[in-house]
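In: Below is the structure, and that's it, no one-letter string:
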DNA sequence: GCGATATGCAATCAATTAGTTGCGTATCGC
DNA sequence: GCGATACGCAACTAATTGATTGCATATCGC
């Protein structure tokens, strides 16, 4: 499963190659959410330790509970986590779908580069 | 090639699993660099269009040349691009190594989640 | 019901970011 | 040499971020 095969939300996946503006607008907020140490730690915790309440997630953290709440909401906006209410608790869980979006985007960038190298090679060899 | 096989800079890649603090500290700045629309566009341009000077890279951009320069330096700090001087020009090029670092990190997060699901399944079935 | 627990909301703050403008310097090419 | 081109540096600004604190509200469990 891992890299998954379903999901796909980045625009224009039907296209063969070439990154368009839509991809960038989709991918940037996603990477932004991943670009903070505290959020990355939260994500790692949720992915390896399973769902947890805000209290649990902020227990071992240096920053305050409110800070953690805000980070979780940033991750939620990026679609990386989601929450459900359970009594007085709010349980947050890892949402793997978007991770494969990020994956896919990086794949495309890599592929573009490989293609560029191939074209260069072709050019040189001709 | 794509996801590449060489590179590897994130700490502790020899380990079997479990994301540690070192990974997070390495990966966060990397994702941060990717988390901006202008920078992502620059990276896409460099990966698909090949190396280019600041003037060329900022030609079609809405933002100023200096803004582009700053973004390129952020990407360079993250190890995603590198530059060489050529006369009065400074040529920037995509640096694929770090992209596979980001890849690897996302892989690990995905794997952790899969493991967690497996353990949960095990638990339920027992 | 009551105290303890879990979270939500709002105001505030310092630091960082993204971006600009103005000006100086280095190179190119004729 | 000289005008045009390509950058580098520095000062500044506005907006966004990450984080805090204080207080209100909702639930749990006995």
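Out: Thanks, I have the structure now. Given the structure is predicted, the values throughout are model-derived calculations rather than measurements.
In: Up against DNA strand C, what does chain A have?
Out: Residues of chain A lying close to DNA strand C (CB under 7 Å from any atom of the strand) are A:53-56, A:65-66, A:69, A:88-91. Every residue, glycine included, has its C-beta placed from N, CA and C.
In: Report the buried members of those residues.
Out: Buried subset of the residues of chain A next to DNA strand C (neighbour count, 16 or more other CB atoms under 10 Å in any protein chain shown): A:53-54, A:69, A:91.
In: biggest separation within those residues, which pair?
Out: Using CB to CB, the pair of those lying farthest apart is A:69 and A:91, separated by 13.0 Å.
In: Stretch A:45-62 spans what distance, first to last residue?
Out: End-to-end distance of stretch A:45-62 (CA to CA, to the nearest Å): 15 Å.
In: Quick check: buried residues in that stretch?
Out: Using 16+ other CB under 10 Å as the burial criterion, the residues of stretch A:45-62 that qualify are A:45-48, A:51-54, A:57-58.
In: So which of those residues belong to helices?
Out: A:45-48, A:54, A:57-58 (DSSP state H).
In: Quick one: the helices in chain A, in order.
Out: A:21-34, A:37-49, A:54-59, A:65-77, A:97-125.
In: right, so of those helices, which gets closest to chain B?
Out: Within those, the stretch nearest chain B is helix A:21-34; the backing value is 3.2 Å (CB to the nearest CB).
In: what mean pLDDT would you report for that closest one?
Out: The average pLDDT for helix A:21-34 rounds to 88.
In: Alright, I will stop here.
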